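J.: how would this look folded up:
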Amino acid sequence: MAIRRQGFQWEVADLGNLPPKELSLLENTPQSVFYSKIGTATISNRLRTKPDEFIVLQYFGSTPGIWGIGNDWVPGGYLNFVVGTTSFFLDPDGRPAVGLSGSAAPYPITLADRPMDPKGWQIEIPPGTDWDITYFLANALVEPVEDFPTGVSLSWSTTPV
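T.: The predicted structure follows:
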């Protein structure tokens with residue numbers, strides 16, 4: 001079996017043409033980075049490994065998220081992997097969790113943002129298996145009003161004094 005390396009980058013950018021309904025999907029439930037039709041997710045079918053294909057997901061990451069205001073806002077992204085009908089990251093009660101934080105597995109890697117495990121992970125997807133990568137934004141939508149510093153306020157009256 002031949003070995004090949006492959007990369008994929010999923011992006012969501014608000015250019016003013018993404019309906020708010022689609023943006024709110026990211027905030028409510030994890031969405032597929034491949035076929036959700038959000039951002040660069042353009043694949044039309046679910047992913048399934050071929051009978052002679054074995055995939056190992058090793059390096060992955062998300063935008064590291066810290067809640068901020070205005071220009072300091074950063075989305076808190078979480079990645080999870082679905083292999084067959086099972087999510088890789090689970091809550092203690094066994095239900096699918098939102099996933100691994102972008103702060104633990106940042107993308108892009110910088111001096112300030114480094115992965116929790118620099119050697120990567122090994123998530124194995126055997127032949128003939130349905131699989132997906134989901135993304136969840138913890139703070140997907142921001143209020144359109146920024147906090148401005150309070151300063152001198154001016155007032156006037158239209159009635160003569």
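J.: isn't Phe81 right next to Trp121, touching?
T.: No - in this structure Phe81 lies outside contact range of Trp121 using CB atoms under 8 Å: 9.2 Å. Quick note: C-beta positions are derived from backbone N, CA and C, even for glycine.
J.: looking at those two, which is more packed in?
T.: Ranked by neighbour count (other CB atoms under 10 Å), Phe81 and Trp121 place Phe81 first, with 19 against 16.
J.: so the more buried one versus Thr110, what's the distance?
T.: Taking CB to CB, to the nearest Å as the measure, Phe81 falls 24 Å from Thr110.
J.: go on, Phe136?
T.: For Phe136, the distance to Thr110 equals 22 Å [CB to CB].
J.: out of the two, which sits in the more crowded spot?
T.: Phe136 (21 against 9).
J.: mutual contacts of Phe81 and Trp121, please.
T.: Residues touching both Phe81 and Trp121 (CB atoms under 8 Å, 6 or more residues apart in numbering) are Leu57.
J.: helices along the protein, start to end?
T.: Chain-ordered helices for the chain, with DSSP state H as the definition, fall at 20-28.
J.: lowest average confidence, helix or strand, in it?
T.: Ranking every helix and strand in the chain by mean pLDDT, DSSP states H and E puts helix 20-28 at the bottom, with a mean of 66.
J.: which ones are touching Val33?
T.: 8, 10, 39, 41, 132-135.
J.: ok, Leu57 next?
T.: 81, 121-123, 125, 133.
J.: Throw those into JSON lines and include distance to Asp91 and pLDDT, thanks.
T.: As requested, the contacts of Leu57 are exported to JSON lines (distance: CB to CB, whole Å; pLDDT from 0 to 100):
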{"residue": "Phe81", "distance to Asp91": "15", "pLDDT": "91"}
{"residue": "Trp121", "distance to Asp91": "19", "pLDDT": "79"}
{"residue": "Gln122", "distance to Asp91": "23", "pLDDT": "85"}
{"residue": "Ile123", "distance to Asp91": "18", "pLDDT": "88"}
{"residue": "Ile125", "distance to Asp91": "22", "pLDDT": "91"}
{"residue": "Ile133", "distance to Asp91": "18", "pLDDT": "91"}
